[in-house]
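Colleague: Predicted model and sequence follow; I will ask about them next.
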Number of protein chains: 2
Amino acid sequence: MDNPVLVEVTRGPLVESRHRGAVSVVDADGGVLMSLGDVDLPVFPRSAVKALQILPMVHSGAAERLGLTDAEIALAVSSHFGEPAHVATARAMLEKARCDVGCLECGAHWPMDPAAARALAAAGGTPSALHNNCSGKHAGFLCLACDLGEDPKGYVRADHRVQGIVRASLEDLTGASHTPDVQAVDGCSIPTYAVPLPSLAYGFAKFGTGVGLSPDCKRAAARIRRAAAAHPFMVAGTGHFDTVLMEALAERAFVKTGAEGVYCAALPGSGLGIALKCDDGASRAAQAVLAALILRFLELDGPERATVEALARPRLTNWNGIEVGEIRTTDALVTPL
Amino acid sequence: MDNPVLVEVTRGPLVESRHRGAVSVVDADGGVLMSLGDVDLPVFPRSAVKALQILPMVHSGAAERLGLTDAEIALAVSSHFGEPAHVATARAMLEKARCDVGCLECGAHWPMDPAAARALAAAGGTPSALHNNCSGKHAGFLCLACDLGEDPKGYVRADHRVQGIVRASLEDLTGASHTPDVQAVDGCSIPTYAVPLPSLAYGFAKFGTGVGLSPDCKRAAARIRRAAAAHPFMVAGTGHFDTVLMEALAERAFVKTGAEGVYCAALPGSGLGIALKCDDGASRAAQAVLAALILRFLELDGPERATVEALARPRLTNWNGIEVGEIRTTDALVTPL
């Protein structure tokens, strides 16, 4: 099945590039509100499910026992851009877990934000695992290991108790089997499991509403949503899509990007969960699609609408600031289903 | 018409992302050797046609009169990564044109190579137009303006004499009309014109063989090809695709990337021109497709084949160096036509 073109990138009078993809929007009862493209094809959600992966660390009580702040919980579900406040927050989480940077098994890379990378280089620094965009989540895993009294070594491995708990959370929320035949290794070395988009959307509808969750789990989901809404900077970084969107919408939308063109989102007010994947893995397209879905499924006031519309249809400028084209979503996302 | 999937990106046991595209391979008589996808759709070649854009600067005799070196001519057809040697070479070209960095109208940006950008920041530097990946071509345009005795100001505008000459070269080589209805603004502010892939491939078959070109133009094309083969570092940068490929194949292949998933190439030995566009604009896919086409259309010895095969099927590793998947081309590129 050919997925529909969801995004066009224009240059002057013509369409220069096209992005296809699939979308699923469901409610917490599993009711389907939107289904575009081949939604049965398993998709690696990558970092888009960090909130579901970190849920056990919160609902087990570990976050409370270790005294994690909302900013730290927001970082635990982030793909951060390696700005100094992200690094400092990850370091503080490690201290609470009685760990240090040497315990992180995510690997080191220069900050994802180019300006942050240059600033680090200009200060004579080099990147550590704290700069890894997943260091907050990994610090969260170490908090869970610490609280369980488990040896944290090897916490990224599928056969470590931490990843067993994480996998159980993903299966519980999405209802999908997370079996070895759909298992691969993520960028930060933990397992990632491919599941169909409706399962991911269903998991986020439950995460956003608490429907079908245990009381502890429901409270934990609400705390994570509140933490991200209170600290949208921690979830991504200065000027980046998820941060800008959650700065505008606060608790009305929890959104999270994943590598290779994935987004998951929860719209608690309307009870909806969203999952989408662009075939080609393009972030620019996944962002525009997510913004278009929010325009469709969330009632917005004037300023909110202006922010989200700008994210759904960004103008493209060149090195001289001349407008050369735009990224725009197609009618596939707005026509009646 | 839906273009075929040309590239798959795997993760563990599954395909994670897919790239579609169109390909045209023709000879200098216009004979079609390969045609995949909707090749009639006009494509902005962007930087992939820099060699054709800079041809008039060479065949007019300007390059010789100003004493441009082969390294400078290679930089003039480059999308360079902003390493110090690129910047120094662009500066030397400007001096020969009796211009300075203030004459460049391409805009400034940090070096495209992240390590070069960090090194510049660490040295306390800031980017100028010399670091723009197109500064070599723009310096070449200024050489042409200088040699013509034209005021260089506004040389990026479609109505400047330099761009008129560039447009005529593109029309002459490709045989396609470069009219306002297919005109847009490129990243470096010069006009870019969308034309069908077979026209671009035809232009590169002529560029690679000299068939159908005036004697001056044929000599100029040969000089540009020799210059790029002698200085592949100048055409891109350390470890980057075009540089690695031309280091391996020298004068047997002239290849040039363009933004938004475009490649043009000339294989002088077999008399072929290649043009391709990935629908979604992904460089990783365009690179793999180009390498697969070279494997198909060029006789390679063992070491050459090993280099090109690695470029056609790169292994993907994560931040810990663990292999997580690969980029691979599909059977669409190898099945009989």
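Modeller: Looks like it arrived, so ask away.

Colleague: which bits of the stretch 201-337 of chain A sit near chain B?
Modeller: Neighbours of chain B within the stretch 201-337 of chain A, by CB under 8 Å from any CB of the partner chain: A:260-261, A:279-282, A:285, A:318-322, A:324-325. The way it works is simple: take the backbone N, C-alpha and C, and place the C-beta from them, glycine included.

Colleague: Near chain B, which residues of the stretch 1-150 of chain A are found?
Modeller: Within the stretch 1-150 of chain A, the positions near chain B by CB under 8 Å from any CB are A:2, A:9, A:11-14, A:16-20, A:42, A:44, A:105-110, A:114, A:117-122, A:124, A:132.

Colleague: Tell me the buried residues within these.
Modeller: For the residues of the stretch 1-150 of chain A next to chain B, a neighbour count by 16 or more other CB atoms under 10 Å in any protein chain shown gives the buried set as A:9, A:11-12, A:14, A:16-20, A:42, A:44, A:105-110, A:114, A:117-121, A:132.

Colleague: Out of these, which sit inside strands?
Modeller: Members of these lying in strands (criterion: DSSP state E): A:9, A:11, A:14, A:16-20.

Colleague: Just the element for the spatially most central residue of chain A, please.
Modeller: With distances taken as CA atoms, centre = their mean, residue A:256 lies nearest the centre of chain A, 2.4 Å away. Take DSSP states H and E as the rule and residue A:256 turns out to sit in strand A:254-258.

Colleague: residues making contact with that strand?
Modeller: A:44-51, A:77, A:79, A:204, A:207-208, A:224-225, A:228-229, A:235-236, A:241-242, A:245-246, A:263-266, A:268, A:283, A:286-287, A:290, A:294 (CB atoms under 8 Å, 6 or more residues apart in numbering or on different chains).

Colleague: which neighbours does it have in its sheet, and in what orientation?
Modeller: strand A:262-267 (antiparallel) (DSSP bridges).

Colleague: sorry, back to before: in strands only, show me the residues of the stretch 201-337 of chain A next to chain B.
Modeller: A:324-325.

Colleague: OK, contacts around residue A:291?
Modeller: Contact analysis of residue A:291 by CB under 8 Å, 6+ apart lists A:245, A:308-309, A:311-312, A:329.

Colleague: could you pull out the strands for chain A?
Modeller: With DSSP E as the criterion, chain A has strands spanning A:5-11, A:14-27, A:32-36, A:183-185, A:191-193, A:254-258, A:262-267, A:272-278, A:315-317, A:323-329.

Colleague: Check these for me and report the most buried one.
Modeller: strand A:272-278 (a mean of 30; mean count of other CB atoms under 10 Å in any protein chain shown).

Colleague: Counting by contacts, list what that one packs against.
Modeller: If you count contacts as 3 or more CB pairs under 8 Å, 6 or more residues apart in numbering or on different chains; DSSP states H and E, strand A:272-278 packs onto strand A:14-27, helix A:197-209, strand A:262-267, helix A:283-297.

Colleague: Distance from the chain centre to it, please.
Modeller: Remark: strand A:272-278 is offset 11 Å from the chain centroid, using CA atoms, centre = their mean, to the nearest Å.

Colleague: and the gap between the residue nearest to the centre of chain A and chain B?
Modeller: Distance, residue A:256 to chain B, using CB to the nearest CB, to the nearest Å: 18 Å.

Colleague: sorry, back to before: save the helices and strands packed on strand A:272-278 as TSV, and put in mean pLDDT too.
Modeller: Shown next, in TSV, are the helices and strands packed on strand A:272-278 (pLDDT from 0 to 100):
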stretch	mean pLDDT
strand A:14-27	98
helix A:197-209	98
strand A:262-267	98
helix A:283-297	98
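
Colleague: right, and those - which one's nearest residue B:172?
Modeller: With CB to CB as the criterion, residue B:172 lies closest to strand A:14-27 of these, at 22.6 Å.

Colleague: Can you name the residues that contact residue A:51?
Modeller: Contacts for residue A:51 were tallied using CB under 8 Å, 6+ apart; they are A:77, A:204, A:207, A:221, A:224, A:228, A:254, A:256, A:264.

Colleague: The spatially closest residue to the last one that is not a sequence neighbour: how many residues sit nearby?
Modeller: It refers to residue A:264. With sequence-adjacent residues excluded and distances taken as CB to CB, 6 or more residues apart in numbering or on different chains, residue A:264 is closest to residue A:48, at 4.0 Å. Neighbour count of residue A:48, defined by other CB atoms under 10 Å in any protein chain shown: 27.

Colleague: Now the closest residue to chain B within the stretch 201-337 of chain A. Nearest residue, chain neighbours left out?
Modeller: For the stretch 201-337 of chain A, the residue closest to chain B is residue A:319, as judged by CB to the nearest CB, at 2.8 Å. Excluding the flanking residues, the one nearest residue A:319 by CB to CB, 6+ apart is residue B:107, at 2.8 Å.

Colleague: swap in residue A:261?
Modeller: Counting by CB to CB, 6+ apart, residue A:261 lies nearest to residue A:278, which is 3.3 Å off, once chain neighbours are set aside.

Colleague: Select only the buried ones of the contacts of strand A:254-258 in ChimeraX?
Modeller: To isolate the buried members of the contacts of strand A:254-258 in ChimeraX, using 16+ other CB under 10 Å:
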select /A:44,45,46,47,48,49,50,51,77,79,204,207,208,224,225,228,229,235,236,241,242,245,246,263,264,265,266,268,283,286,287,290,294
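
Colleague: Contact partners for the closest residue to residue A:247 other than its chain neighbours?
Modeller: What sits nearest to residue A:247 in space, not counting adjacent residues and going by CB to CB, 6+ apart, is residue A:232, at 4.8 Å. Neighbour list for residue A:232: A:74, A:242-247, A:250 [criterion: CB under 8 Å, 6+ apart].

Colleague: One more: residue A:222?
Modeller: By CB under 8 Å, 6+ apart, the contact list for residue A:222 reads residue A:210.

Colleague: ok so, going back, ok, the residue nearest to residue A:264 touching residue A:200?
Modeller: Yes. Applying CB atoms under 8 Å, one finds residue A:48 in contact with residue A:200, separated by 7.3 Å.

Colleague: Format the CA atom coordinates belonging to stretch A:219-227 as PDB.
Modeller: The C-alpha coordinates for stretch A:219-227 follow below in PDB (Å, rounded to 0.1, in the frame of the first residue of the first chain):
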ATOM      1  CA  ARG A 219      -1.100   9.700  38.800                       C
ATOM      2  CA  ALA A 220       2.400   9.100  37.300                       C
ATOM      3  CA  ALA A 221       1.200   9.900  33.800                       C
ATOM      4  CA  ALA A 222      -0.400  13.100  35.000                       C
ATOM      5  CA  ARG A 223       2.800  14.100  36.800                       C
ATOM      6  CA  ILE A 224       4.900  13.600  33.700                       C
ATOM      7  CA  ARG A 225       2.400  15.600  31.600                       C
ATOM      8  CA  ARG A 226       2.400  18.400  34.100                       C
ATOM      9  CA  ALA A 227       6.200  18.300  34.400                       C
END
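
Colleague: Distance of residue A:59 relative to chain B?
Modeller: 29 Å.

Colleague: Skipping adjacent residues, who's closest to that residue in space?
Modeller: Using CB to CB, 6+ apart and skipping the chain neighbours, the partner closest in space to residue A:59 is residue A:220 (3.5 Å).

Colleague: next one: residue A:275
Modeller: With sequence-adjacent residues excluded and distances taken as CB to CB, 6+ apart, residue A:275 is closest to residue A:200, at 3.6 Å.

Colleague: wait, the one you found sits on residue A:173?
Modeller: No. Residue A:200 lies out of contact with residue A:173 (CB under 8 Å); the separation is 9.0 Å.

Colleague: Mind checking which of the two has more residues around it?
Modeller: Taking other CB under 10 Å, residue A:200 and residue A:173 do not tie; residue A:200 has more neighbours (31 against 26).

Colleague: In contact with the more buried one: list those residues for me.
Modeller: For residue A:200, the contacting residues are A:24, A:43, A:45, A:48-49, A:174, A:264, A:273, A:275, by CB under 8 Å, 6+ apart.

Colleague: now the residues you listed as TSV including distance to residue A:58?
Modeller: Formatted as TSV, the contacts of residue A:200 follow (distance: CB to CB, whole Å):
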residue	distance to residue A:58
A:24	26
A:43	25
A:45	19
A:48	18
A:49	15
A:174	18
A:264	17
A:273	19
A:275	21
